[in-house]
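When you get a sec, could you give me coordinates for this:
(one chain, ligands or ions: 2)
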Amino acid sequence: MVGEPLNVNEFQELAREALPKMYNDFYAGGAEDQYTLKENVEAFRRIMIWPRILVDVSRIDMSTTVLGYKISAPILIAPTALHKLAHPEGEVATARAAAACKTIMVLSFASSCTVVEVASSCQAVRFFQLYVYKQREIAAVLVQRAERNGYKALVLTVDTPRLDNGSNLAAYANKAMDASICWKDIEWLKSITNLPILIKGVLTGEDAIKAAEVGVAGIMVSNHGARQLDYTDATINVLEEVVHAVRGRVPVFFDGGVRRGTDIFKALALGAQAVLVGRPVIFGLAAKGEYGVRQVIQMLKDELELTMALSGCPSVKDITRRHVRTERERLHAML
Ligand SMILES: Cc1cc2nc3c(=O)[nH]c(=O)nc-3n(C[C@H](O)[C@H](O)[C@H](O)COP(=O)(O)O)c2cc1C
Ligand SMILES: CCCCCCC(=O)C(=O)O
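Ligands and ions are numbered 1, 2, ... in the order given. Below you'll find the predicted structure:
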């Protein structure tokens with residue numbers, strides 16, 4: 001590739017050129033046939049935007065709040081493992097980019113920089129993503145360390161009772177992590193922390209209702225970037241079911257396949273409070289370190305701002321369900 005990347009997708013090619021094949025495969029790949037990996041992106045393309053005209057869009061305000069923390073735009077950094085494979089500065093560089101962009105980074109449990117290194121690298125709101133060891137006392141130590149170091153929420157990832165990529169990391173995780181975790185364990189987690197708990201990996205209305213009932217502070221609709229169970233539906237296709245089931249009791253966040261500002265607009269229109277971005281951040285980091293992550297987030301912000309202006313939405317609150325039509329709705333309208 002020659003020249004500067006023009007959009008987030010072009011960072012994937014830059015990362016492929018920069019990384020050893022094994023690392024790139026780890027970051028870019030999905031589970032098995034990679035059907036859901038493709039669908040996470042493709043499903044966005046089947047949702048159309050219905051713009052409104054003659055609205056004053058001379059000023060666009062993308063800011064929003066997540067668990068009470070103000071951020072510049074509804075775009076968070078998803079937890080992803082092992083950033084030092086992408087760049088020697090690893091998660092510290094990603095955290096600095098998040099701070100510069102005034103957004104929140106969710107630090108992966110499998111971070112290659114320590115919780116303390118990342119916390120002391122810059123001022124920003126950070127959340128900590130958790131997998132639970134069979135030895136619960138280790139989980140308690142990790143949670144309390146995150147709390148002591150100023151992380152503001154726990155993100156419990158629940159779609160990984162087993163990891164599915166055949167790597168040594170997966171073998172280790174399968175041995176060490178607790179596949180018996182179930183709904184009652186949310187009570188246990190609440191008993192060892194004062195932090196709000198978000199649950200990541202919800203894909204059905206039924207589970208969203210249970211999550212709201214056990215008192216989580218937020219729900220993340222996610223299929224783990226299509227790295228776990230192949231042939232789950234694209235996350236954008238299940239978002240609305242979750243939003244309806246939750247009935248506003250807790251905020252719903254979204255990830256999977258977000259590559260354009262229009263994708264973010266569509267997710268917000270379907271009820272997400274904010275989106276999280278996984279691979280594009282790693283691709284930015286691999287291509288250009290901290291600056292690359294900043295560029296990726298800035299591109300998404302610029303695209304979202306343009307989409308809002310052209311759709312007649314001066315603030316994120318103005319983005320409504322009426323601003324998008326799903327494929328099903330368009331087919332239905334033909335009858
Ligand atoms: C290389 C890689 C590593 C990941 N590691 C984690 C992890 O450690 N914890 C976790 O909860 N999710 C992990 N995820 C899933 C992301 O948090 C997120 O759900 C997903 O990447 C979103 O999809 P996207 O990559 O299409 O944006 C990982 C994803 C990738 C691509
Ligand atoms: C104990 C390490 C677990 C690493 C899991 C990384 C991950 O979630 C991924 O998708 O890769």
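
Roughly how far does the closest residue to Thr326 other than its chain neighbours sit from Arg321?
Leaving aside its chain neighbours, Thr326 sits nearest to Ile47 (5.6 Å; criterion: Cβ to Cβ, 6 or more residues apart in numbering). C-beta here means a position set from N, CA and C on the backbone, and glycine is covered the same way. Distance of Ile47 to Arg321, given as Cβ to Cβ, to the nearest Å: 12 Å.

Can you pull the residues that touch both of these two?
Overlap between the neighbourhoods of Ile47 and Arg321 consists of Leu270, taking contacts as Cβ atoms under 8 Å, 6 or more residues apart in numbering.

Of the two, which one has the most company?
Applying other Cβ atoms under 10 Å to Ile47 and Arg321 shows that Ile47 carries more neighbours, namely 21 against 12.

Report the separation between the more buried one and His332.
Distance from Ile47 to His332, by Cβ to Cβ: 14 Å.

got a list of what Pro51 touches?
Pro51 neighbours (Cβ under 8 Å, 6+ apart): Leu310, Ser311, Gly312, His323.

can you check Val296 too?
Neighbours of Val296 in contact, by Cβ under 8 Å, 6+ apart: Val8, Phe11, Val277, Pro280, Val281, Phe283, Gly284.

In what element of secondary structure is the fifth one found?
Using DSSP states H and E, Val281 falls within helix 279-311.

can that helix be found next to ligand 2?
No - Helix 279-311 stays clear of ligand 2 (Cβ under 6 Å from any ligand atom), getting no nearer than 10.5 Å.

Buried residues of that helix, list them for me.
279-290, 292-301, 303-305, 307-309, 311 (16 or more other Cβ atoms under 10 Å).

what are the phi and psi angles of Val57?
phi -120, psi 30 (degrees, to the nearest 10).

tally of neighbours for it?
For Val57, using other Cβ under 10 Å, the count is 18.

which secondary element of this structure has the worst mean pLDDT?
The helix or strand of the chain with the poorest confidence is helix 168-176; it has a mean of 89 (mean pLDDT, DSSP states H and E).

How about that helix and ligand 2, any contact?
Yes - applying Cβ under 6 Å from any ligand atom, one finds helix 168-176 touching ligand 2 at Leu169, Tyr172, Ala173.

on that earlier part again, what sits up against the next helix or strand after the helix holding Val281?
Next along the chain after helix 279-311, taking DSSP H and E as the criterion, comes strand 324-325. Contact with strand 324-325 is made by Ile47, Met48, Ile49, Trp50, Phe265, Lys266, Ala269, Leu270, Ala333, as judged by Cβ under 8 Å, 6+ apart.

Contact partners for the residue positioned nearest the centre of the chain?
The residue lying closest to the centre of the chain (Cα atoms, centre = their mean) is Leu276, at 2.6 Å. Each residue near Leu276 by Cβ under 8 Å, 6+ apart is listed here: Ile75, Leu76, Ile77, Ala78, Val106, Met220, Ser222, Phe253, Phe254, Asp255, Val258.

Looking at these, state which has the most neighbours.
Met220 leads these on contacts (other Cβ under 10 Å) with 33 neighbours.

Tell me if stretch 83-96 is near ligand 1.
No - Stretch 83-96 stays clear of ligand 1 (Cβ under 6 Å from any ligand atom), getting no nearer than 8.9 Å.

picking up where we left off before, make sure the residue nearest to the centre of the chain is indeed in a strand.
Yes - counting by DSSP: H, G, I helix; E, B strand; the rest coil, Leu276 is found in a strand.

Which residues belonging to the least confident helix or strand of the chain are considered buried?
For helix 168-176, by 16+ other Cβ under 10 Å, it's Ala173.

same question, stretch 133-141
Tyr133, Ala139, Ala140.

ok, of the residues you listed, which one's closest to Pro161?
Lowest distance from Pro161 to the buried residues of stretch 133-141 (Cβ to Cβ) belongs to Tyr133, with 13.3 Å.

Nearest spatial neighbour of that closest one, chain-adjacent residues omitted?
Ala139 (5.2 Å).

residues making contact with the host helix or strand of the one you found?
Using DSSP H and E, the element containing Ala139 is helix 136-148. For helix 136-148, the external contacting residues (Cβ under 8 Å, 6+ apart) are 109, 115-116, 128, 130, 132-133, 154, 178, 188-189, 192-195.

And the next helix or strand past it?
Assigned by DSSP H and E, the successor of helix 136-148 is strand 154-157.
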